[in-house]
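*Asks:* Okay, predicted coordinates and the sequence, questions at the end:
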Amino acid sequence: MSEQYVLETRNLVKEFKGFVAVNDVNLQIRQGDIHALIGPNGAGKTTVFNLLTKFLIPTRGQILYRGEDITPLKSAAIARKGIVRSFQISAVFPHMTALENIRVALQTAEGSSYSFWKSGHSLHKLNERCMELLESVGLAEFANTTTVELAYGRKRALELATTLAMEPQLLLLDEPTQGMGSEDVDRVVALVRKAAQGRTVLMVEHNLSVVSKLCDRITVLAQGAVLTEGDYQTVSADPRVREVYMGSDGSGERGAQAPSQENVEAAQ
Ligand SMILES: Nc1ncnc2c1ncn2[C@@H]1O[C@H](COP(=O)(O)OP(=O)(O)OP(=O)(O)O)[C@@H](O)[C@H]1O
């Protein structure tokens, strides 16, 4: 039954000049879950993500959203259906204030021209909604700060708010904690948890401590294929998962860190 899943892929394949980067991937994302896509460097996570968000065209296979085949649709069309991507690609204008950035996002989401908002009442409503969104990501006091002056973690929070302005049903997050210090990471974990209320989230995330704290379900990719799937406890106890992480480069670098039992304990 397709309908129980918000998003499904069926035998998804992406080849780059004969190199199979994504190999027969069948994903099933359940309504309301925070679902992570993990795996060692080069596993195919970004490529899968780019296929789902229509940045890349699959070589073969299907993508279904609420049972509907969306494989041929473009990014803008899937965004209108409620599939919205955030993070990694900076979607904010650096020389506008935080409030102005949200306003632009809201106007874009409404697809409305400036003239629609010209009446005093509409403008008031728009500003109210801007402030709600800023508050929801903890940025109310920075409403009139120019974006370029915001600390990195706050910029990411602003990006998330501009994404939430689109009212996504399925929120796709590309490495939300990338490049962050531990304080910002904790803030983003709290933000994502809040943003996930009433919607489904699919995230690519290297930080396995974040995954263990946030995610209901995890798909592990290795060499372009699904290795296993389950909750963090199940996945972290799977010797094949530890093996692919350890074998990836053995450096202990980002992405080569194996899922650990400590993370499970930290999450409890
Ligand atoms: N445009 C491209 N052309 C050729 N090969 C590509 C292209 N994009 C990705 N690849 C290859 O596909 C494989 C999967 O890459 P991908 O970036 O999806 O992995 P990843 O799991 O996101 O890795 P990382 O954790 O390092 O970001 C890699 O071997 C990569 O070199």
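*Replies:* All right, it came through fine. Residues are numbered from 1 along each chain as shown.

*Asks:* Could you pull out the helices in the stretch 51-200 of the chain for me?
*Replies:* Using DSSP state H, counting those that start in this stretch, the helices of the stretch 51-200 of the chain run over 75-81, 98-110, 120-136, 152-164, 182-195.

*Asks:* export those helices to CSV and tack on mean neighbour count and mean pLDDT?
*Replies:* To be clear about C-beta, it is placed using only N, CA and C from the backbone, and glycine gets the same treatment. Converted to CSV, the helices of the stretch 51-200 of the chain look like this (neighbours: other Cβ atoms under 10 Å; pLDDT from 0 to 100):
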stretch, mean neighbour count, mean pLDDT
helix 75-81, 14, 89
helix 98-110, 20, 87
helix 120-136, 15, 86
helix 152-164, 22, 89
helix 182-195, 17, 88
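
*Asks:* how about those helices in a markdown table, adding distance to Leu64?
*Replies:* Shown next, in a markdown table, are these (distance: least, Cβ to Cβ, whole Å):
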| stretch | distance to Leu64 |
| --- | --- |
| helix 75-81 | 12 |
| helix 98-110 | 24 |
| helix 120-136 | 30 |
| helix 152-164 | 22 |
| helix 182-195 | 24 |
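
*Asks:* tell me the domain ranges of this structure?
*Replies:* The chain is divided into the following domains under automatic domain parsing: 28-57+72-82+168-268, 93-167.

*Asks:* Please name whichever of those is nearest to the ligand.
*Replies:* domain 28-57+72-82+168-268 (3.2 Å; Cβ to the nearest ligand atom).

*Asks:* How is Val244 assigned, secondary-structure-wise?
*Replies:* helix (DSSP: H, G, I helix; E, B strand; the rest coil).

*Asks:* Based on its surroundings, how many neighbours for the nearest residue to Asn144 once chain neighbours are set aside?
*Replies:* With sequence-adjacent residues excluded and distances taken as Cβ to Cβ, 6 or more residues apart in numbering, Asn144 is closest to Thr97, at 5.1 Å. Around Thr97 sit 18 other residues, with neighbours defined as other Cβ atoms under 10 Å.

*Asks:* how close does Thr97 get to Leu160?
*Replies:* Using Cβ to Cβ, to the nearest Å, we find Thr97 at a distance of 17 Å from Leu160.

*Asks:* Same question for Arg193.
*Replies:* Distance of Arg193 to Leu160, given as Cβ to Cβ: 12 Å.

*Asks:* okay, the domains of the chain in JSON lines with distance to Val22 next?
*Replies:* Listed next are these as JSON lines, based on distance: least, Cβ to Cβ, whole Å:
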{"stretch": "domain 28-57+72-82+168-268", "distance to Val22": "5"}
{"stretch": "domain 93-167", "distance to Val22": "24"}
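
*Asks:* any chance of those in JSON lines, with distance to the ligand too?
*Replies:* As requested, these are exported to JSON lines (distance: least, Cβ to the nearest ligand atom, whole Å):
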{"stretch": "domain 28-57+72-82+168-268", "distance to the ligand": "3"}
{"stretch": "domain 93-167", "distance to the ligand": "18"}
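
*Asks:* for those domains, which one sits closest to Glu15?
*Replies:* Of all the domains of the chain, domain 28-57+72-82+168-268 sits nearest to Glu15, with 9.6 Å by Cβ to Cβ.

*Asks:* Run the chain-centre distance for stretch 11-30.
*Replies:* 19 Å (Cα atoms, centre = their mean, to the nearest Å).

*Asks:* From one end of that stretch to the other, what's the distance?
*Replies:* Terminal residues of stretch 11-30 lie 18 Å apart, using Cα to Cα, to the nearest Å.

*Asks:* Output the below-cut-off pLDDT ranges for the stretch 1-150 of the chain.
*Replies:* 1-3, 87-91, 111-121 (pLDDT under 70).

*Asks:* Quick check, central residue of this protein?
*Replies:* Leu173 (1.1 Å; Cα atoms, centre = their mean).

*Asks:* now the nearest residue to Leu51 once chain neighbours are set aside: how far from Arg199?
*Replies:* Once flanking residues are discounted, Leu51 sits nearest to Pro58: 5.3 Å by Cβ to Cβ, 6+ apart. With distances taken as Cβ to Cβ, Pro58 is found 25 Å from Arg199.
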